[in-house]
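Engineer: No letters, just coordinates:
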């Protein structure tokens, strides 16, 4: 078992740079999510790790082995990895059991070992009654579990998952998220998980690498990524934060829409423009001016929607910026009313990008 | 709000039943009538008394047993050769980084659309024992008196020529299976430790195998039911296949009962073969499952790239390059089997064929009339049936669909015999007119036309029509403004393919023509018997040019179906 290390990884397709100087170290037994919108280079990165693609530059190491570099790429079959594909890629001409033991057979495992491991994995993935069926006769969730079983049974050094849940319906997806995390905790493979779904990443990952335009925008724990976004892209992509464009007055204060906001986060340069992120449910909305003047500003309600658990407001500040605010249902304000917003200083995060 | 009822609610006429019965009746007439007469003749004697004597003769007389055996040998050997050739080429074109893959596909399509009887005649030019160009070339080196290197008038020769123009059927199926096989299935094997060879052996080949076996069945069927190539090559060699035997039974004195009985084995073998093919290609266990799949990774051949291309070109020398060269040479040379030189180049053959050869005018006229009529009627028929079956417009649509595809199981010569028996008697005396040929061509081309238009309809989601209806269009307006424009390319393509199909049909026409209803394919066959190879070359090239022009034009317009060449049926 080993860590996976990417160093200055670049992949070009013609003039298009799909993966642009990605460096990432995944410690042994860690589960790292590559999270980003479609086209951000996350699947390309995964296929580079698997060895299906050769890097244009940079290198990939597994433990102390160099597996990919510009000059030499170890073929996938010699990497001792497993992968779960978006389509599951179950072989339609083999039964569930044959699909699962394929990797063991290639590793020349003896008959008893194969039988024992098969029984164990079938039990873990609750597939025992389906072992003799063909993949075409299974439901989507069952196929997904077969794919998991097939990947896990060989005890890979590294497990790669390419959007493994995107073909499942919502309920099943939620269930399988915890299942994947549970299996990871049980076997502790070094795992790379590609997804575009932030809640999937939040539930499964030790570490999330948010990718944008071929680069890793921010790397951190789920809490880091959500609570302390560093860039406008991460703030918007994770939890759809409001990003306001103010001007820095000093190291910790930003001028915005005629008010002065005290902020935390990135170091500010006075006079420079300063993007500040704040989540919709962290803004307090009041019909009267609050007692404390700090970090408050006036706004007009332009839209109000009752969502059951809360109310969703769209408000416009005097400079024309629209902000989304989520409030408890008791706070009911008509469209067109003037309201006061309080943006708690510890929740206003100045962004560096 | 006031409620308005539509003024004078029109009494609605239910058109669905009459339409269903009309089309069902037309299809019955096309298929069931000839087959019924075939059965009647096969099981009766001259006075229409029930007897099995015809079959006793068929299976005891060496005159019939030998052709049966010959046909079996030809069909089995051709099928095996076709698979051995088509599978590697299909794999190279579909799964490797061999250069010129598109060119190879185009060349295979070219051999696909070449009428097999034309190919057989071209190979006469190349490999007739004395005059064949290849044998002449060989004698240049081996000396004047050397024996011929090739003799195309032999069992081997027939198998060779039939394989040349049958392997594309296997190729299309195999290449299609490999094209649509998701690359991730191979990737999954690789990441679990399977090297290239293991992956090929355990994943790729098993997945492509059903397509290959299905291709073999189709190749077997083709080789078994082909008339032109064996008639051209086996008769001079002095032996018969089943199809040529059936044809000879029509020569004077005609033995129609025996002909009908001899057609039965062909018919009865075709049905299970087609069933088997359908079963293999449609098995649930082999259908691809799951969601999005990526494009397959191509195998890097490295140093083998050019060798692979060379292999493909070498194979295609036989169905395409050599025969085409021989035809071109014959068309422009004063003597069909002398190599043309700039000084001997002549346009005399072309002038002769189109101005002096009396039968050309008639045959061309008949072909154009029949082609246009068959294509137009066939397209309309197929269009209506395809609409009815895809939109489930009327009850019983399944039966219509089944009837429209049923002629696939009737080999051309069998249908020819059936039609001959049906329409040489009152009340329908059509023999000797173009009508009987029209019926034959219509029946033969209906299945592929129907399948093509059904595929076109299937791609047009009914919601497109419904969206137009909800915005206020009537059913007819929706059809005219939405469905018709979307179908136009499919309809044009279908029309063109039927036209080509008529032009290249020989095996049914050969038992149905009379001197006044000769068509181009029959004329070519007749000219071959008369040894007028230069005229054949000119007509054949004209035929090929028209075919390529149509196939090319149809491939240019965006099609909803797949490989355009696959829509043709060889006769």
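Structural biologist: Now that the structure is in, tell me what you want to look at. Everything numeric here is computed off the predicted structure, so don't read it as measured data.
Engineer: what ranges do the strands span in the stretch 151-300 of chain A?
Structural biologist: A:158-162, A:190-195, A:207-212, A:215-220, A:242-248, A:253-256, A:259-262, A:264-265, A:273-278, A:284-286, A:296-306 (DSSP state E, counting those that start in this stretch).
Engineer: what's the shortest one in contact with?
Structural biologist: Contacts made with strand A:264-265 from outside it, assessed by Cβ atoms under 8 Å, 6 or more residues apart in numbering or on different chains, are listed as A:228, A:230, A:252, A:276, A:345, A:346, A:348, A:349, A:350, A:351, A:352. From N, CA and C alone the C-beta is placed, and that goes for glycine too.
Engineer: what about the closest residue to chain B within the stretch 251-353 of chain A, neighbour count?
Structural biologist: Closest residue of the stretch 251-353 of chain A to chain B, Cβ to the nearest Cβ: residue A:305 (28.5 Å). Residues lying near residue A:305 (other Cβ atoms under 10 Å in any protein chain shown) number 9.
Engineer: That one - nearest residue in space that isn't next to it in sequence?
Structural biologist: The shortest distance from residue A:305 to any residue other than its chain neighbours is 4.5 Å, reached at residue A:312 (Cβ to Cβ, 6 or more residues apart in numbering or on different chains).
Engineer: Up against chain B, what does the stretch 101-250 of chain A have?
Structural biologist: Residues of the stretch 101-250 of chain A lying close to chain B by Cβ under 8 Å from any Cβ of the partner chain are A:102-103, A:106-107, A:134-137, A:143, A:150-151, A:154, A:160, A:166-167.
Engineer: What about those residues, which one has the most neighbours?
Structural biologist: Counting neighbours by other Cβ under 10 Å, residue A:150 comes out on top of those with 29 neighbours.
Engineer: okay, now the residue lying closest to it once chain neighbours are set aside: neighbour count?
Structural biologist: Leaving aside its sequence neighbours, residue A:150 sits nearest to residue A:100 (Cβ to Cβ, 6+ apart; 4.9 Å). By the other Cβ under 10 Å criterion, the neighbourhood of residue A:100 contains 28 residues.
Engineer: Reformat the strands of the stretch 151-300 of chain A into JSON lines and put mean pLDDT next to each item.
Structural biologist: Output for the strands of the stretch 151-300 of chain A, formatted as JSON lines (pLDDT from 0 to 100):
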{"stretch": "strand A:158-162", "mean pLDDT": "92"}
{"stretch": "strand A:190-195", "mean pLDDT": "93"}
{"stretch": "strand A:207-212", "mean pLDDT": "95"}
{"stretch": "strand A:215-220", "mean pLDDT": "94"}
{"stretch": "strand A:242-248", "mean pLDDT": "88"}
{"stretch": "strand A:253-256", "mean pLDDT": "86"}
{"stretch": "strand A:259-262", "mean pLDDT": "85"}
{"stretch": "strand A:264-265", "mean pLDDT": "86"}
{"stretch": "strand A:273-278", "mean pLDDT": "88"}
{"stretch": "strand A:284-286", "mean pLDDT": "88"}
{"stretch": "strand A:296-306", "mean pLDDT": "90"}
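Engineer: What strand or helix carries residue 329?
Structural biologist: Using chain A here. Using DSSP states H and E, residue A:329 sits in no helix or strand.
Engineer: Let me rephrase: I mean chain B.
Structural biologist: Following DSSP H and E, one finds residue B:329 within helix B:322-332.
Engineer: What lies in contact with that helix?
Structural biologist: For helix B:322-332, contacts defined as Cβ under 8 Å, 6+ apart pick out B:114, B:118-119, B:122-123, B:125-126, B:133-134, B:164, B:336-337, B:339-340, B:345-347, B:349-350, B:533-534, B:536-538, B:540-541, B:544.
Engineer: 7 Å instead, please
Structural biologist: Outside helix B:322-332, the residues that touch it by Cβ atoms under 7 Å, 6 or more residues apart in numbering or on different chains are B:119, B:122-123, B:125-126, B:133, B:336, B:339-340, B:345-346, B:349-350, B:533-534, B:537-538, B:540-541.
Engineer: Selecting buried members of those in ChimeraX, what would you type?
Structural biologist: Selection of buried members from those for ChimeraX, criterion 16 or more other Cβ atoms under 10 Å in any protein chain shown:
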select /B:119,122,123,125,126,133,336,340,346,349,350,533,534,537,538,540,541
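Engineer: is it fair to say residue B:55 lies in a helix?
Structural biologist: Yes - per DSSP: H, G, I helix; E, B strand; the rest coil, residue B:55 lies within a helix segment.
Engineer: give the contact list for the residue nearest to residue B:138 when sequence neighbours are not counted.
Structural biologist: Nearest non-adjacent residue to residue B:138, counting by Cβ to Cβ, 6+ apart: residue B:149, 4.1 Å away. Counting by Cβ under 7 Å, 6+ apart, residue B:149 touches B:134, B:135, B:138.
Engineer: hang on, residue A:37 packs against residue A:196?
Structural biologist: Yes - at 6.0 Å, residue A:37 counts as touching residue A:196 under the criterion of Cβ atoms under 7 Å.
Engineer: Could you list the low-pLDDT ranges of chain B?
Structural biologist: Counting by pLDDT under 70, chain B contains low-confidence residues at B:1-17, B:282-296, B:393-395, B:557-571.
Engineer: Find the residue closest to whichever residue of the stretch 401-550 of chain B sits closest to chain A in space, skipping its chain neighbours.
Structural biologist: When distances are taken as Cβ to the nearest Cβ, the stretch 401-550 of chain B reaches nearest to chain A at residue B:458, 21.3 Å away. Nearest residue to residue B:458 in three dimensions, chain neighbours excluded: residue B:390, at 5.7 Å (Cβ to Cβ, 6+ apart).
Engineer: Now do that neighbour against residue B:119, distance only.
Structural biologist: For residue B:390, the distance to residue B:119 (Cβ to Cβ, to the nearest Å) stands at 36 Å.
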